[in-house]
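In: Make a model of this:
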Amino acid sequence: MSQAANEMNFEQARFNMVEQQIRTWDVLDPKVLDVIKNTPREDYVPADFKRLAYADINIPLGNGELMMKPIIEARLLQSLEIQPTDRILEIGTGSGFLTALLARLGGQVISVEISPELREAAAARLARLGYTNVSVAQGDAAGGWEQEGPYDVIAVTGSYPETVPERLCQNLKIGGRLFAIVGEAPVMEAMLITRFGDREWNRQELFETDMPMLRNVIKPKHFTF
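Out: A predicted model of the protein is given here:
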């Protein structure tokens with residue numbers, strides 16, 4: 001099959017993903033739909049999984065990491081209501097695809113990846129694709145990341161077993177929004193946390209899903225009697 005035919009197939013697959021997966025899952029924000037339509041997901045998927053770039057699955061990235069399903073990425077973006085001037089912290093760069101979407105919607109993205117290999121690959125990919133408002137750091141931000149903060153938006157791409165650490169929530173500006181997934185497999189809850197004051201928070205449950213825990217997060221022990 002020719003390269004042109006492959007590109008047309010990806011374009012059609014992207015259109016189908018938006019219309020058949022994302023819209024039907026109540027993602028109707030035109031800014032979110034537009035940025036997903038115009039960001040080729042296949043550029044970020046490992047070579048062995050390119051043909052599945054637009055499938056409704058989590059895609060393995062190696063090192064035990066996953067690329068979120070397109071519908072989860074879209075709901076995350078819609079819930080955060082990202083503004084063009086927003087300073088954004090992303091915890092878990094992964095392939096860099098969500099990073100790119102955040103960068104196209106917001107002002108500046110600071111993305112932190114715990115895996116040196118994934119960080120290096122994503123940083124190189126984003127630079128090659130022309131993203132100048134993104135910096136990719138290597139480190140563990142699951143418990144908080146004060147560097148370059150506070151932030152208007154925090155997007156967490158893995159899960160916590162019980163609750164989002166208060167230290168991470170404190171990295172938000174007043175009025176800031178944080179998306180995270182909380183709970184234990186197979187049923188977890190995607191949550192939006194909005195900061196209203198020094199000690200004032202609103203927690204909104206959005207939908208049920210399932211994602212691997214962030215690395216190094218300690219799973220609490222439950223005692224049985």
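In: how near is the closest residue to residue 52 other than its chain neighbours to residue 85?
Out: Leaving aside its sequence neighbours, residue 52 sits nearest to residue 59 (C-beta to C-beta, 6 or more residues apart in numbering; 6.3 Å). Yep, even glycine has a C-beta here, placed from its N, CA and C like the rest. To residue 85, residue 59 is 31 Å away according to C-beta to C-beta, to the nearest Å.
In: what do you get for residue 73?
Out: 22 Å.
In: Neighbour count: the two, which is higher?
Out: With neighbours defined as other C-beta atoms under 10 Å, residue 73 and residue 85 compare such that residue 73 has more, 22 against 9.
In: buried ones in the helix or strand hosting that one?
Out: Element membership for residue 73 (DSSP states H and E) is helix 70-80. For helix 70-80, burial by neighbour count (16 or more other C-beta atoms under 10 Å) applies to 70-80.
In: hang on, isn't residue 172 packed against residue 179?
Out: No - with contact defined as C-beta atoms under 8 Å, residue 172 does not count as touching residue 179 (11.3 Å).
In: Pull up the overlap in contacts between these two.
Out: Common neighbours of residue 172 and residue 179, counting by C-beta atoms under 8 Å, 6 or more residues apart in numbering, are 154, 193.
In: one step back: count of neighbours near the residue nearest to residue 52?
Out: Count around residue 59 with other C-beta under 10 Å applied: 23.
In: Residue 97 versus that one, what's the distance?
Out: Plainly put, residue 59 is 10 Å away from residue 97 if you go by C-beta to C-beta.
In: Equivalent analysis for residue 43, please.
Out: With distances taken as C-beta to C-beta, residue 43 is found 8 Å from residue 97.
In: Neighbour count for these two, which is higher?
Out: residue 97 (26 against 16).
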